[in-house]
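J.: For reference, the sequence and a predicted model appear below.
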Amino acid sequence: MIIKACEFCGKEFRAKRSDAKCCSERHRAKLNARKRQLAAAGADLTDSFDSVAAFPGPSPDQPGELLSYVEGLLTEHGRYDVPQARMALVVAQRLDIADIETGSGIVSLSGELDRLLSAALAGVVIETDELDELESRRRAKAAQAGN
């Protein structure tokens, strides 16, 4: 076995194959996802990059877009101090700074954020646009057809 450094996290591991680049299947998948995202963004992949530092993310001083949106929504409706609102902020922050979460992780966190925001904003009337109203009517009609 060969001792190598994981290209994703930098930790040393015992490689079973000479061409192994990561310490685990999960890190290999995350590394490949990061490379795909960088390639889609037009980054030059000929340069090697070091672990998480190569992938830009929100800095601790500046919140990401989702966290800013959730904070603004909760503040606008006076629900910032509701317990579910606080948990929604944590989930939003995690989604913003997620280091290429797995697809199922993103889906799970998104569903949890939706549930928490619904609970935090219960009883608040939020203006909807025409598309939201059309979507709710479509869902209601589909639910009636299913019954």
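T.: Received it, and whenever you're ready, just let me know what you need. Residues are numbered from 1 along each chain as shown.
J.: how much space is there between the residue most central in space within the chain and residue 89?
T.: Residue closest to the mean C-alpha point of the chain, counted by CA atoms, centre = their mean, is residue 95 at 3.2 Å. Per CB to CB, to the nearest Å, residue 95 is found 11 Å from residue 89. Where you see a C-beta, it was placed from the backbone N, CA and C, and this is true even at glycine.
J.: tell me the contacts of the residue of the chain most remote from its centre?
T.: Of all residues in the chain, residue 1 sits farthest from the chain's C-alpha centroid, using CA atoms, centre = their mean; the distance is 35.8 Å. Applying CB atoms under 8 Å, 6 or more residues apart in numbering, we find residue 1 in contact with 14, 15, 16.
J.: JSON lines for the residues you listed, including distance to residue 107 and neighbour count?
T.: As requested, these are arranged in JSON lines below (distance: CB to CB, whole Å; neighbours: other CB atoms under 10 Å):
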{"residue": "14", "distance to residue 107": "33", "neighbour count": "10"}
{"residue": "15", "distance to residue 107": "32", "neighbour count": "17"}
{"residue": "16", "distance to residue 107": "31", "neighbour count": "8"}
